[in-house]
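Engineer: 3D, please:
(3 chains)
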Amino acid sequence: MDSPAFSLQGLNSEQRKAVTATEGPVLVLAGAGSGKTRVLTYRIAYLIRELGIPPFEILAVTFTKKAAIEMQERIQKLVGQVHGVWLGTFHSSFAKILRHEAPAFQYSPNFVIYDTDDQCRLIKMIMEELDIPVSRFHPKAIQGAISQAKNRLIAVEQYFNQSGNPFEDAVIHIYPEYQKRLRENHAFDFDDLITVPIKIFKQYPDILCKYQKRFQYILVDEYQDTNKAQYELIRFLSKKSRNLCVVGDDDQSIYGWRGANIGNILNFESDFPETRVFRLEQNYRSTKNILAAAHAVVSRNQGRKSKKLWSENPQGEKIEIWEVDDEREEAFKVVDKIQEEVFKHKRPFCDFAILYRTNAQSRALEEGLRRSGMSYIIVGGVRFYDRKEVKDVLAYMKLIVNPRDTISLKRVINFPTRGIGDASLRNIEIWARKNNIRLFEALARSNEIQGISGRAKTGIKHFYDLIVKYTSLSEKISPAELTHTLIEDSGVLRNYKEEMSLDGQMRIENINELLKAVQDYTEETENPTISGFLEEVSLVNDVDQWNDKSNAITLMTLHSAKGLEFPVVFITGLEENLFPLSRSIEKTEDLEEERRLFYVGLTRAKEKVILLGAQNRRLYNNHEARLPSRFLDELDQNTCNFFSTHSIRSTGDLLKRDQQYIEDGIMPDYESFSQEVGSERLLAGQWVMHDMFGKGQILNVHGHGSKEMVTVKFKNGVQKKLIVKYAKFKLIV
DNA sequence: CGGATTTAACTTTTT
DNA sequence: GTTAAATCCG
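Structural biologist: Below you'll find the predicted structure:
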């Protein structure tokens, strides 16, 4: 193996100490931009190269796949190709262990992983069976409660001991059934990937022992984001060797709502006696100004370890704070500043990140960017693998690998339509349950079941044969080939081709994109299997896919931005009730988490930060006046410059400004706005009386001002597109 | 039974 | 503005 010489040069003294303290528990408190990943990668390299530790004795866990890949690449740069280090996310690493140990808990090694959507479907099914109306409790809320319980490792009985609350009662009933169904379907949810290994380790000491021996050195990245379950798991595994190194920053703990327990990092020293603590406080990323501002904010939090980042970087420009009129002007201002920066400093677009608290805010920003013609990428929102058409194909694949997966079965048994309606399906289910036969196997015996039409029977036979055929095929041909023929054979592709709509075309493109992903996977993986691909897919997120090579402005939530850096960062929507979010304001811990989120946002920037807040914002369908975020007051005022585009005092002014913008061609016609303020607001569904055609109903409204058009369906069945300005009709109230 | 059309609800952050 | 569920009709 040909590899570069390894040395610890290029590390500062504290980093070097953290890297070489290989034995015993180690806590590295690594502030933002202080070389956290550097320490982790050097440490792994050091273990292998200097101490001669076999790579397979090292387990390194991260939170995102992107972080894992980055570490892998950097280790490779340090010591060349290394095989055998277990380096992955929490979820993927333990999914791997679960597949190994599947026989121990009577699961198929091809078990499927249910995402939130699958979980909700299952919960909904259970609720229907238990006669709990879905309208009363959202399956989503139930799912959240179950997830919380799992993450905190609290048994349900214990969690909801004081009953009487109808919601908790519902959870008490649903939870055990839910777990039972997961088992029947040979499925795990996300949280199971962490909690089930704990159960196995407790139940089978020999299995635990095996992994304790195997993983002599354990490293955990982003330790501040671990929850109770993850903490327990790590504690179990490191008990023998005691060589546990965790790296984190309590100031960057932003996943409390997901069960992350900031106490894990704050109490590490007491939980692991003889811990050696190293503090990385030199920041290599940001200017002094940015650091000062960020420190002023985060130091207001009570529950934190005291520390202060310092830097040898230049002072840098002051932070700009812009108060704008509304979200549209916010977008214009962002565009404006980007143009200025591009012009002044010849910056490429990929230098910029626009961050926001909620995904919903991306729309207005996107609109502004689109108008300006600058290229941008939105990370987040609807995920690729959450798209309906993609999930449909995945459901077929899941079913082929694991026919017990009834959630996937129900999803695609009648998609594309095969004449199998609700009634038929229900009859099969009842029959299967009565005869104690698995749902999928029952399909083969539809002849014996009452109440199924002839059409449904042929459909069922086709479907069953299709799945069986592909199950056996999956052992002979590659995942890529299989998927390719599957989308033809199942009729999924045909179904969308027949749609002939723009929508259908996009769906086909997405399916092709999925196909490409399978292809890539097949080529890159040593032993490609369908279930391997499915696992990979269920554990990726959008940031993982985001490719920083393209020259585009990045739009993402503050949460997604963690771990990344950009020369110029915009943080938008700095308004009370948005950032901090309204529901976080009351509880101190929640507010502190929001503040940490702000801190994370600020420290993403290398050179320049621009903060924006609007005085009016239209969000979730109503617009309202807004107050500046309290976080703006918390900044160190010496590091900031305040600007305002404040020129508008009334709705009338706002209208005038918009008219001007439209005339100048700065702003496109916003039909939504015209509908809001027009005296005669035209909406789909309203009835009109036309001089010539008589009575009719508006189907939709589009365009604005003199170009405003409506489609009306008249009583005589004729549909007409009419230009409002010229058409002679009246609204019937 | 299935397709089309209409209505309603929903938006915090995500492995 | 989007998506899922409900409803209606052939």
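Engineer: where does the stretch 551-700 of chain A have low pLDDT?
Structural biologist: Low-confidence regions of the stretch 551-700 of chain A, defined by pLDDT under 70, span residues A:620-622, A:646-687, A:689-700.
Engineer: so who does the residue of it found nearest DNA strand B touch?
Structural biologist: Of the stretch 551-700 of chain A, the residue with the smallest distance to DNA strand B, taken as CB to the nearest atom of the strand, is A:His559 at 3.5 Å. All C-beta atoms are positioned from the backbone trio N, CA, C, and that covers glycine. Counting by CB atoms under 8 Å, 6 or more residues apart in numbering, A:His559 makes contact with A:Ile254, A:Tyr255, A:Leu597.
Engineer: narrow these to those in strands?
Structural biologist: Counting by DSSP state E, no part of those is found in strands.
Engineer: can you pick the most crowded of those?
Structural biologist: Going through the contacts of A:His559 with other CB atoms under 10 Å as the criterion, the one with the most neighbours is A:Leu597, at 27 neighbours.
Engineer: what sits against it?
Structural biologist: Under the criterion of CB under 8 Å, 6+ apart, the contact list for A:Leu597 reads A:Ile254, A:Arg357, A:Leu558, A:His559, A:Phe579.
Engineer: distance of it relative to DNA strand C?
Structural biologist: Computed with CB to the nearest atom of the strand, to the nearest Å, the distance linking A:Leu597 and DNA strand C is 24 Å.
Engineer: how long is stretch A:311-320 from one end to the other?
Structural biologist: Across its full length, stretch A:311-320 reaches 21 Å end to end, with CA to CA, to the nearest Å as the criterion.
Engineer: that one: how far from the chain's middle?
Structural biologist: Relative to its chain's centre, stretch A:311-320 lies at 32 Å (CA atoms, centre = their mean, to the nearest Å).
Engineer: list the buried ones in it?
Structural biologist: Applying a neighbour-count criterion of 16 or more other CB atoms under 10 Å, the buried positions in stretch A:311-320 are A:Ser311, A:Asn313, A:Gly316, A:Glu317, A:Lys318, A:Ile319, A:Glu320.
Engineer: packing partners for the stretch of helix or strand A:Phe188 belongs to?
Structural biologist: Using DSSP states H and E, the secondary-structure element containing A:Phe188 is strand A:187-189. In this structure, strand A:187-189 makes packing contacts with strand A:112-114, helix A:116-129, judged by 3 or more CB pairs under 8 Å, 6 or more residues apart in numbering; DSSP states H and E.
Engineer: deepest-packed of the ones you listed, please.
Structural biologist: strand A:112-114 (a mean of 24; mean count of other CB atoms under 10 Å).
Engineer: quick one: mean pLDDT over it.
Structural biologist: Model confidence over strand A:112-114 averages 90 on the pLDDT scale.
Engineer: returning to that earlier point: in JSON lines, list the helices and strands packed on strand A:187-189 along with distance to A:Gly303.
Structural biologist: Output for the helices and strands packed on strand A:187-189, formatted as JSON lines (distance: least, CB to CB, whole Å):
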{"stretch": "strand A:112-114", "distance to A:Gly303": "34"}
{"stretch": "helix A:116-129", "distance to A:Gly303": "29"}
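Engineer: can you give me the helices for the stretch 351-500 of chain A?
Structural biologist: A:362-372, A:388-401, A:406-412, A:422-434, A:439-443, A:454-473, A:479-489, A:492-499 (DSSP state H, counting those that start in this stretch).
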